[in-house]
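Enquirer: Pasting the sequence and the predicted coordinates here, then a few questions.
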Amino acid sequence: MDQKNDPILLKYFVMVAGLATLALAIANLGVEQISIGLALIVIFAVIIAPRMSLTLPRARFAISFGDASVFLAFLIYGGWTAIIIAGLETLSNCIYLRRKGLQFGRRMIITNVSVSLLSFGITYLVYLSVPSISFVNSDHTSTQYLIVTLGALAWVHFLASSILAAIIQSLRQNLGFLTIWLRDCFSSSMTHIVGAGLAGLVYTLVNFGDLMTGTIVFAALGVAYLSYRQSIEEINSAMDQAETAERQKAETEKVRRREAEDHAAKLSKSLERQELAFEALRRSEQDFQHAALHDSLTRLPNRKHLGDVLRQAIAEYTEDPSRHFHVLFLDIHRFKNINDTLGHSIGDKVLSVAAKRFARMLNPTDTVARIGGDEFAVILRGVSSNEKALKVARRMLKSISQPFSLSGNRISLTLNIGVASCDEEYSTPEQILRDADIAMHHAKERKLGVAMFNRELRSRFLERVRLEMDLASAIDNKELSMSYQPLIDLRDGSLMGFEALLRWNHSEIGPIPPNKFIPIAEESGLIIPITRWILEETTRQLSQWQSISHTTRDLIVSVNISGKHLSNDDLIADVENALTRSGIDPHSLKLEITESAAMDDPEHSINMLRRLKQTGVQLSIDDFGTGYSSLAYLHRLPFDTLKIDRSFVSSVGEKGENSEIIQTVIALAKNLKMRVIAEGIETESQYRILRNLGCDYGQGYLMSRPLTVENAETALYERKNWAPTGYERSESDGIDVVQFPAGRNGGSRARGDRRA
Ligand code: C2E
Ligand code: MG
Ligand code: MG
């Protein structure tokens, strides 16, 4: 913005000087001068001239014809009149321009008028003072003098007015005088010259021309003026149009630029938003990835993540065998019990506590992951030997077994840990994890807590897997059969019944011992359908045998029931179905349940056994002495018979050494009103001692090994006595019988009472 000053003092000075000049001019105005000619000049100067001025295209000035009237008045009426005309002309021109919309500053019009008065005053003064340019004293008719005079006047008037105007403007605009003069004023010299020329022409025509010449000249001038004015107007309008178009173009460009800027701003905003959205997406992707690789409960890496880390570890080890590692497979023992008894939310908390304890014990380079419900795995790095890895495993075992409280429950956990060491044979994470798992199962089975993997464990495991698969189809393939081991009344050697024992004759491997395949059947759950088949098979067989003769009518069959089946409600229906189908007296079916199975969950066993009892079958507790019977429970379990485990029988010496436990067990059984049966009788002395101790029944290789159906049947037809030679005596033989109080089935040993 230009700094504009108002040179007020100068302006007032110019005004005073201008008005003084005007006053002087008015004072010198002669009355005789007032004429039609002067009136015409005034009319021309005030009304016509302002409207006639021509603005040259792009020029900083306009050709004003007002100066022509001033110079003409000067030529005809003298300097004083010309001064007044100059003032009038300028005033009317300013008023005209203001009407046309030109803005004038304060006191600007009066200043302009004063400049005009003063400058023409100065011009007149110069004219009077320099006689050489004055034609007053010369020949008025001389064109030469006219030209010189008018030319000089025009220049003097131009200089006086332009210098005054330039001084005022330079003071106003704070710019150098010369700059202003050259820029704004110099070009206006043209109006003075044109004005003077015109005045000279009119003066000459009025004084020396005839009407005709005057008319022609004025007509020619009028036509020239009009056509010039028209072409100027056309040029101006074309230029205006061009300017308007340019302005519009500039405006459009401005709008476009603004639009482009707006667009750019919007774009940058939308980019910003997009960036934010990308960021959110990236974050949610990261969350998603984290969730995909971590367990939500414990926040530990999950099986997939562990797989990735293991794959990397295997690759590193393959490249550099010094970068060995161990994999630990951890399983929380009986975690299901916690869930079942304390609820799943406590179960979840227990897992979190366990996870934290595991993580605390490891180095930052190790990895602990949750890979299943209660299964965790650890990758130990940089442990130099298997012994050291086992040591870490034992430390974890110890740490986890520290009891802790959760919602008022005191919880202590036990673990089974299998350890596998990296080896060239492993190419996938699954292989090494599988071997650590095998070792863990071995630790669990043998109650070791911690076990190191070796290849033998794997071949056993694989064999087991194979057996499990084959066992599933063994019934259909008719590979299963029953053998029957006689149960003998020790007093007279008569047959009380048989224990049904399962046999598996594998089509490829041959006979497989029960202690090998029964645990597999139990663990896989196959024991339930197999026992269903056994119950059908044995009851059907017994029903056949019972019908052989009156001596076989009361035979019983004893069937082993696994703990797994005992905890399954279907057992009741399975037994009832077998009884119904075979039609045997329920009493002639005895179910053997091992002591450890019965005591696993005593309350449940009591419930199940009572329901079984209601079907009418007999119940026997098997392998007694090998489990940990609670006496508190024992008397509540509705067993009819107690079977002393073979281990106690085999330890009895020739002369009855080590028979104390047997004596105690027999006394206990009698007190609980149970019959006693001893298994594993292999020697006559064992037979004799047991009989003498009051054991009711016996079973063992001494009397008979388990028999095939055919052999058992033959024996039945033969009515064989099973006692060893010399022991086939009857009750009346008066053998040395240790007397016990009568049991719950009565003290009578008569044959007919066996079913009691
Ligand atoms: P268990 O129920 O205690 O069966 C008695 C086991 O002792 C039988 O072994 C039998 O052959 C054996 N035995 C009998 N007398 C003698 C003897 O004088 N000396 C020796 N050394 N052994 C004798 P087996 O048939 O091998 O069965 C072993 C175990 O397998 C059984 O022990 C039982 O726990 C289980 N088992 C067998 N068959 C079945 C079945 O059908 N169901 C279920 N759940 N388990 C069965
Ligand atoms: Mg048994
Ligand atoms: Mg047994």
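Expert: Received, thanks. Numbers count the residues shown, from 1 in each chain. Ligands and ions are numbered 1, 2, ... in the order given.

Enquirer: Which residues of the stretch 501-650 of the chain lie near ligand 3?
Expert: Within the stretch 501-650 of the chain, the positions lying close to ligand 3 (C-beta under 5 Å from the ion) are 622-623. In short, each C-beta sits where N, CA and C put it, glycine included.

Enquirer: Show me the contact partners of the host helix or strand of residue 431.
Expert: Take DSSP states H and E as the rule and residue 431 turns out to sit in helix 429-445. Surrounding helix 429-445, the residues in contact under the criterion C-beta atoms under 8 Å, 6 or more residues apart in numbering are 306-307, 310-311, 314, 327-331, 333, 371, 377, 416-420, 422-423, 425-426, 448-453, 457-458, 461.

Enquirer: Please pick the buried ones from those.
Expert: Those of the contacts of helix 429-445 that meet the buried threshold are 306-307, 310, 314, 327-331, 371, 377, 416-420, 422, 426, 449-453, 457-458, 461, by 16 or more other C-beta atoms under 10 Å.

Enquirer: so which of the residues you listed also contact ligand 2?
Expert: Intersecting these with the surroundings of ligand 2, defined as C-beta under 5 Å from the ion, gives nothing.

Enquirer: ok so, going back, buried residues in the helix holding residue 431?
Expert: Within helix 429-445, the residues that count as buried by 16+ other C-beta under 10 Å are 429, 432-444.

Enquirer: again, but for stretch 572-589
Expert: Of the residues in stretch 572-589, those buried by neighbour count under the rule 16+ other C-beta under 10 Å are 574-576, 578-579, 582, 584-586, 588-589.

Enquirer: which parts of the stretch 501-650 of the chain sit against ligand 2?
Expert: For the stretch 501-650 of the chain, the residues in contact with ligand 2 under the definition C-beta under 5 Å from the ion are 560, 592, 622.

Enquirer: ok, 8 Å please
Expert: Proximity of the stretch 501-650 of the chain to ligand 2 is confined to 501, 558, 560, 592, 594, 620, 622-623, 643 under the rule C-beta under 8 Å from the ion.

Enquirer: In JSON lines: the residues you listed, plus neighbour count and pLDDT.
Expert: Supplementary listing: those in JSON lines, determined by neighbours: other C-beta atoms under 10 Å; pLDDT from 0 to 100:
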{"residue": "501", "neighbour count": "17", "pLDDT": "98"}
{"residue": "558", "neighbour count": "25", "pLDDT": "98"}
{"residue": "560", "neighbour count": "22", "pLDDT": "98"}
{"residue": "592", "neighbour count": "22", "pLDDT": "98"}
{"residue": "594", "neighbour count": "22", "pLDDT": "96"}
{"residue": "620", "neighbour count": "24", "pLDDT": "98"}
{"residue": "622", "neighbour count": "26", "pLDDT": "96"}
{"residue": "623", "neighbour count": "19", "pLDDT": "95"}
{"residue": "643", "neighbour count": "29", "pLDDT": "97"}
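
Enquirer: Would you reformat these as JSON lines and include secondary structure?
Expert: Written out in JSON lines, the entries for these read as follows (DSSP: H, G, I helix; E, B strand; the rest coil):
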{"residue": "501", "secondary structure": "strand"}
{"residue": "558", "secondary structure": "strand"}
{"residue": "560", "secondary structure": "strand"}
{"residue": "592", "secondary structure": "strand"}
{"residue": "594", "secondary structure": "strand"}
{"residue": "620", "secondary structure": "strand"}
{"residue": "622", "secondary structure": "strand"}
{"residue": "623", "secondary structure": "strand"}
{"residue": "643", "secondary structure": "strand"}
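
Enquirer: near ligand 1, from these?
Expert: Under the cut-off given by C-beta under 6 Å from any ligand atom, ligand 1 has 501, 560, 592, 622-623 from those close to it.

Enquirer: now, which of those sits nearest residue 219?
Expert: The shortest distance between residue 219 and any of those, using C-beta to C-beta, involves residue 560 and amounts to 149.6 Å.

Enquirer: quick one: low-confidence parts of the stretch 201-350 of the chain?
Expert: Applying pLDDT under 70 to the stretch 201-350 of the chain flags no residue at all.

Enquirer: hmm, I was thinking of the chain
Expert: Across the chain, residues meeting the criterion (pLDDT under 70) sit at 1-4, 55-62, 131-141, 729-756.

Enquirer: how about 50 then?
Expert: Low-confidence segments of the chain (pLDDT under 50): 1-2, 731-756.

Enquirer: what's the domain layout of it?
Expert: 8-208, 210-282, 289-453, 488-499+536-727 (automatic domain parsing).

Enquirer: distance between the ends of the last one?
Expert: Taking C-alpha to C-alpha, to the nearest Å as the measure, domain 488-499+536-727 stretches 12 Å from start to finish.

Enquirer: next one: stretch 415-435
Expert: Counting by C-alpha to C-alpha, you get 17 Å between the two ends of stretch 415-435.

Enquirer: Could you do stretch 330-347 as well?
Expert: Taking C-alpha to C-alpha as the measure, stretch 330-347 stretches 17 Å from start to finish.

Enquirer: what's in contact with it?
Expert: Residues outside stretch 330-347 that contact it (C-beta under 8 Å, 6+ apart) are 350-351, 354, 358, 373-378, 396, 400, 406-407, 409, 411, 413-417, 440, 444.

Enquirer: which of the residues in that stretch are buried?
Expert: Judged by neighbour count (16+ other C-beta under 10 Å), stretch 330-347 contains these buried residues: 330-332, 335, 338-339, 342, 346-347.

Enquirer: Looking at those, which is nearest residue 709?
Expert: Distances from residue 709 to the buried residues of stretch 330-347, taken by C-beta to C-beta, are shortest for residue 331, at 42.5 Å.

Enquirer: quick one: that closest one is in a helix?
Expert: No - checked against three-state DSSP, residue 331 lies outside a helix; its state is strand.

Enquirer: any idea how far it lies from residue 441?
Expert: Residue 331 sits 8 Å away from residue 441, taking C-beta to C-beta, to the nearest Å as the criterion.

Enquirer: ok, now residue 368?
Expert: Using C-beta to C-beta, we find residue 368 at a distance of 20 Å from residue 441.

Enquirer: circling back to that earlier point, how about the domains of the chain, which one is nearest residue 516?
Expert: For these, distance to residue 516 was read as C-beta to C-beta. The smallest value, 12.8 Å, belongs to domain 289-453.

Enquirer: measure the closest one end to end?
Expert: Taking C-alpha to C-alpha as the measure, domain 289-453 stretches 33 Å from start to finish.

Enquirer: roughly how far is it from the heart of the chain?
Expert: Between the centre of domain 289-453 and the centre of its host chain there is 27 Å, according to C-alpha atoms, centre = their mean, to the nearest Å.

Enquirer: Spatially nearest residue to residue 358 (excluding sequence neighbours)?
Expert: Once flanking residues are discounted, residue 358 sits nearest to residue 368: 4.7 Å by C-beta to C-beta, 6 or more residues apart in numbering.
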